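# Sharing a model prediction with you, sequence too.
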Amino acid sequence: EAGVAQSPRYKIIEKRQSVAFWCNPISGHATLYWYQQILGQGPKLLIQFQNNGVVDDSQLPKDRFSAERLKGVDSTLKIQPAKLEDSAVYLCASSLFSQRNEQFFGPGTRLTVL
Amino acid sequence: RKEVEQDPGPFNVPEGATVAFNCTYSNSASQSFFWYRQDCRKEPKLLMSVYSSGNEDGRFTAQLNRASQYISLLIRDSKLSDSATYLCAVNDRTGKLIFGQGTTLQVKP
């Protein structure tokens, strides 16, 4: 079974630029999550989708971050404009059901903002 | 108080040792508990779910103590390959998972 796919794996940008990340979840997984993991910390949830609807985006900095999952499968996360403190690994995860919550992570995108 | 807390370590143990980590959580209504393993510069991988009755998988045993609000992970007969960061995850009152900062384990020859 193919795992969660993410691209790009690495991205370096300058502050105030924009960047987008892509995620394709495990086939059949209805729930998709975007996490931010800063070095030395655990992953922090940014947004959770159930199919193509947003379940939780309470920790998404909406002035600069946006995410969509238009067809209920793959998803994109965008940052515009980026700040230095956005340097982190952005992890996508998926689960079969949100209630069960066993989440499987993709390899992540390592973002460096200069 | 953080919702999920772990001792960051590092825990340095010799091969063959038994080591245990705890993870405390603040929400008494939490229902889902997990241990993830994260290797350096890799994504977290699900190690095991933690059930009320405990869970054992080979050298790994996970326990839940609801009264004291913590979960534990015991690793017996440590291998060099067990060196990693171990993240606990607990669901909060809205259902979303909250991760601890992780505990780093270094197994030495």
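That came in fine, so what should we check first?
# Up against chain A, what does chain B have?
Residues of chain B lying close to chain A (C-beta under 8 Å from any C-beta of the partner chain) are B:4, B:8, B:32, B:34, B:41-46, B:49, B:87, B:89, B:91, B:94-102. From N, CA and C alone the C-beta is placed, and that goes for glycine too.
# and those, which are buried?
Buried members of the residues of chain B next to chain A, counted by 16 or more other C-beta atoms under 10 Å in any protein chain shown: B:4, B:32, B:34, B:43-44, B:49, B:87, B:89, B:91, B:96-102.
# Please narrow those to those residing in strands.
Residues of those located in strands (DSSP state E): B:4, B:34, B:44, B:49, B:87, B:89, B:91, B:97-99.
# thought B:Pro109 was touching B:Leu80?
Yes: contact criterion C-beta atoms under 8 Å: B:Pro109 and B:Leu80 qualify, at 6.6 Å.
# Touching both of these two, which residues are there?
Applying C-beta atoms under 8 Å, 6 or more residues apart in numbering or on different chains, one finds that B:Pro109 and B:Leu80 are jointly contacted by B:Glu15.
# tell me which element the residue of chain A found nearest chain B falls in.
Nearest to chain B in chain A, going by C-beta to the nearest C-beta, is A:Gly42, at a distance of 3.2 Å. Element membership of A:Gly42 [criterion: DSSP states H and E] is none; it lies in no helix or strand.
# The nearest residue to it once chain neighbours are set aside and B:Cys23: what is the separation?
Leaving aside its sequence neighbours, A:Gly42 sits nearest to B:Phe99 (C-beta to C-beta, 6 or more residues apart in numbering or on different chains; 3.2 Å). With distances taken as C-beta to C-beta, to the nearest Å, B:Phe99 is found 10 Å from B:Cys23.
# Common neighbours of those two, please.
B:4, B:88.
# Now do the same contact list for A:Trp34.
With C-beta under 8 Å, 6+ apart, A:Trp34 has these contacts: A:23, A:45-48, A:67, A:75, A:77, A:90-92.
# brain fart, A:Gln6
A:21-24, A:90-92, A:106-109.
# So which of the residues you listed wins on neighbours?
Counting neighbours by other C-beta atoms under 10 Å in any protein chain shown, the top entry in these is A:Cys92, with 28 neighbours.
# nearest residue to it other than its sequence neighbours?
In space, A:Cys92 is closest to A:Cys23, 3.4 Å off (C-beta to C-beta, 6+ apart).
# Phi and psi next, for A:Pro61.
Torsion angles at A:Pro61 (phi, psi; degrees, to the nearest 10) stand at phi -70, psi 90.
# helix/strand/coil for A:Glu85?
Classification of A:Glu85 by DSSP: H, G, I helix; E, B strand; the rest coil places it in helix.
# re earlier: which of B:Pro109 and B:Leu80 has more residues huddled nearby?
Taking other C-beta under 10 Å, B:Pro109 and B:Leu80 do not tie; B:Leu80 has more neighbours (10 against 5).
# pLDDT wise, what is that one at?
Per-residue confidence (pLDDT) for B:Leu80: 98.
# How about it, nearest residue that isn't a chain neighbour?
B:Val107 (5.2 Å).
# Make sure the one you found is actually in contact with B:Glu15.
Yes: with contact defined as C-beta under 8 Å, B:Val107 and B:Glu15 form a contacting pair (5.9 Å).
# between the two, what contacts are shared?
B:78-80.
# Please name the residues that touch residue 83.
Since you didn't name a chain, this refers to chain A. A:15, A:64, A:113.
# sorry, should have said chain B
B:105-107.
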